[in-house]
Every structure is written in structure tokens, then in C-alpha cells.
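> need a structure here:
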Amino acid sequence: MLTANKLEKIIELEETLRSEYQDKLDAGEVALEKCKKQLADARAQMQATIDKQLQTISELSKKSASSEKFEQQNRELFNRSENMKEDVAKQKQRIKSLQSDLAKEREELKVLKQFDPAKMKKNLDASKKKLAEKTSANETLQRNLSKSKSENLELQQKVKELESKIAELEPDDGEEKEAEAA
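Numbering: from 1, shown residues only. Next up is the predicted model:
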């Protein structure tokens, strides 16, 4: 019985406490329900915000992926352009060296053209012909000179002979002149 008594006292105490604190408990339950509702609304708002942010993030990630792809393409194109610039610089340098080599080769060709064998043979043949003609002309002139010299000698001898004959004849003419003068 003691237990029943104690149990009754506990029940009375519970009822007393309930009557005393029922208003507070009801107010607490209302506040708890209100908080639960606010919490649910806040969760819904947060979920909406999260969904919106997730959507924004997915859009941005798509844009970011395309942006990253674009940036990657830009980097690749930049690298290609740099490589092409280097190639162009190398090609320009090569062109310069080839142009200088070409100028040297042209000079060498010019020198070699001066000594063109076919042209030189042709010139040699022409020079031989001219030499032969000049030689024959020289021989003819030498013969003519020899003839002229011999003729000149003969003529000089004839002139000497005639002068001696004139000298012989002049004393005779001098006597005749003297005779005529006397």
C-alpha cells in the first residue's frame, strides 16, 4: 500500500504541477510548434537558396568549363603563334643567309662566265684566225718591204751611177761653158 500511496501522491503532484504549469506547457508547445514551423520555413528557404545556388553553380561551371576550354584554346593558339614567330624569325635568318649565299654564287658564276670554255674556244678560234690573217698580212708586208728595200737599193745604186755619170759629164760641160764664155 505504501506504493499505492506514493503513487497517488505522485499522481496528485503531477496534476498539481500540470495545473500550475499547463499554461506554460501549452505556451511552450505553441512556441515549439511555432519554432518548428519557422525552422521548416527557414529550411525551405535555405533549400530554395541552395537549389538556386546549385543552379547558379552548375551554370557557372558550364560557363567555367567553356571559359576554361576557351582559355585553353587561347593558350594553345598563343603558344602556336609564339612558335610561328620563332619559325618566322628562323626563316628570315635563313633567307638572309641564303640571299648572301646567292650573292656569292652569282659573283662566282659571273667570274666563271668570264671563263666560259665554249666562249673562250670560240674567241680562241677567232683570235687564231685573226692571228693567221695578220701573220699572212705581215708576211706579205715583209715581202713587200724586202722588195721595196731591194728596189730602193737598186734605185740608190742607179742614182749613184747616174750621179757619177753626171759628174763625169759635168766637167765636159764645164769646159764647154768655159769655151763659150771665152
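> State the next helix or strand along the chain beyond whichever helix in the chain runs longest.
Assignment by DSSP state H gives helix 2-114 as the longest helix of the chain. Next helix or strand after helix 2-114 toward the C-terminus (DSSP states H and E): helix 117-181.
> ok, and the helix or strand in this structure with the lowest average confidence?
Least confident helix or strand, the chain: helix 117-181 with a mean of 85, by mean pLDDT, DSSP states H and E.
> how much does that one deviate in direction from helix 2-114?
Helix 117-181 runs at 30 degrees relative to helix 2-114, counting by axes from the mean of the first three to the mean of the last three CA atoms, to 10 degrees.
> per-residue pLDDT, the residue positioned nearest the centre of the chain?
Per CA atoms, centre = their mean, the C-alpha nearest to the average position across the chain is that of Lys92, at 2.2 Å. Confidence at Lys92, expressed as pLDDT, is 95.
> Please apply the same query to the one 10 residues further on.
We have a pLDDT of 93 for Leu102.
> what separates the residue nearest to the centre of the chain from Ser19, distance-wise?
Using CB to CB, to the nearest Å, Lys92 is found at 104 Å from Ser19. The C-beta positions use only the backbone N, C-alpha and C, and glycine is treated the same way.
> what does Thr56 give?
55 Å.
> for Leu39, same thing?
According to CB to CB, Leu39 and Ser19 sit 30 Å apart.
> Repeat that for Asn123.
147 Å.
> go on, Glu151?
For Glu151, the distance to Ser19 - CB to CB - is 186 Å.
> cool, Ala137 as well?
Counting by CB to CB - Ala137 and Ser19 are separated by 167 Å.
> swap in Lys69?
The spacing between Lys69 and Ser19, counted by CB to CB, is 73 Å.
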